[in-house]
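# Any chance you could fold what I've pasted below:
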Amino acid sequence: MPKRMLTPKDVMEEVINAGVAKANKPALSLFLLGILAGGFIAFGATGAIIMGALFKDPGMAKFMGAAVFPVGLMLVIVAGAELFTGNNLMTLALLDKRIGIKGLLKNWSIVFLGNFVGSLVIALLIYKGNVLGGATAEKAIAIATKKASLAFDVAIYKAILCNILVVLAVWIATAAKDITSKLLACWFPVMLFVLSGYEHSIANIFFLYVGKFYGASISAGDIWISNLLPVTIGNLIGGAIIIPAKYYAIFRNKG
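So this is what the prediction gives:
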């Protein structure tokens with residue numbers, strides 16, 4: 001009988017092998033797959049804005065927004081795309097000496113750029129298509145304004161927590177052997193990070209720019225210096241250092 005899931009040690013091997021493949025993927029493929037991932041995350045974020053605006057009860061509004069947001073990662077995992085925050089797990093392949101720092105940074109930089117383009121294109125299409133309006137437009141403005149006003153250190157801490165959960169979602173989705181299990185693996189951790197109010201760099205590109213398009217009084221400095229810079233740093237700490245380093249120490253421990 002075939003295994004229905006991988007053990008954590010087997011998952012690490014799969015993630016390492018995936019990291020090697022990602023490091024050697026052609027730049028154009030990385031960029032195009034990065035655009036797709038940015039768009040996928042933006043679709044989930046759009047749903048979160050709409051659901052968050054439709055419910056008057058704050059708790060229900062927050063939960064329903066969190067409930068639909070994971071569609072973005074589901075699309076990334078099952079349809080196939082390259083997401084910067086998920087690719088932070090590539091440091092496992094680096095620690096295992098299967099890839100070099102050049103291949104790692106090539107992937108991260110190209111994929112981040114692709115994610116940015118994909119998120120921005122969907123934000124522009126949402127705005128030009130009048131998808132949001134009234135309460136939903138106000139929600140988009142409020143989200144962007146709040147994110148742009150975070151203290152630098154607070155943004156880092158929230159981003160660390162976020163990407164711990166995101167890479168764990170990728171980790172357990174890798175353990176799953178069927179689509180239904182992969183979808184559930186994506187849903188729970190990602191729902192939890194949104195519900196908790198953590199910060200995700202790629203989602204924030206969409207949230208900040210769509211809010212700006214709809215009238216949020218935020219500048220490019222507010223977007224990049226106050227949010228995207230510290231959030232990207234925090235995502236790297238949580239997803240590229242904390243989780244990979246722990247699992248590598250556990251499963252490659254020779255003692």
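# contacts and neighbour counts: CA atoms only from here.
OK.
# helix/strand/coil for residue 226?
What DSSP: H, G, I helix; E, B strand; the rest coil gives for residue 226 is helix.
# For the protein, give me the ranges with low pLDDT.
For the chain, applying pLDDT under 70 flags the ranges 1-2, 254-255.
# Sort out which residues of stretch 184-203 are buried, please.
Buried residues in stretch 184-203, counted by 16 or more other CA atoms under 10 Å: 184-195, 198-203.
# Next: stretch 223-232.
223, 224, 226, 227, 228, 229, 230, 231, 232.
# so who does the residue lying closest to the fifth one once chain neighbours are set aside touch?
On the basis of CA to CA, 6 or more residues apart in numbering, the spatially nearest residue to residue 228 that is not a chain neighbour turns out to be residue 201, at 5.8 Å. Shown in contact with residue 201 (CA atoms under 8 Å, 6 or more residues apart in numbering): 85, 159, 228, 231, 232, 235.
# Farthest pair within these?
By the measure CA to CA, 85 and 228 form the most distant pair in those, at 12.7 Å.
# tell me the centre residue of the chain?
residue 85 (4.9 Å; CA atoms, centre = their mean).
# my guess is that residue meets residue 164, correct?
No. Residue 85 is beyond contact range of residue 164, at 9.7 Å (criterion: CA atoms under 8 Å).
# list residues touching both of the two?
Counting by CA under 8 Å, 6+ apart, the common neighbours of residue 85 and residue 164 are 235, 239.
# The closest residue to residue 192 other than its chain neighbours: what's it in contact with?
In this structure, residue 192 finds its nearest non-sequential neighbour in residue 66, 7.3 Å apart by CA to CA, 6+ apart. By CA under 8 Å, 6+ apart, the contact list for residue 66 reads 48, 190, 191, 192, 194, 195.
# Which of the helices or strands spans the closest residue to the third one other than its chain neighbours?
With sequence-adjacent residues excluded and distances taken as CA to CA, 6+ apart, residue 191 is closest to residue 66, at 4.8 Å. Taking DSSP states H and E as the criterion, the element that holds residue 66 is helix 58-68.
# other SSEs contacting the very next helix or strand once past that helix?
Note on helix 58-68: by DSSP H and E, the next helix or strand toward the C-terminus is helix 71-75. Secondary structure elements in contact with helix 71-75, counted by 3 or more CA pairs under 8 Å, 6 or more residues apart in numbering; DSSP states H and E, are helix 27-54, helix 179-196.
# To residue 140, which of these lies closest?
Once the helices and strands packed on helix 71-75 are compared by CA to CA, helix 27-54 is nearest, at 6.2 Å.
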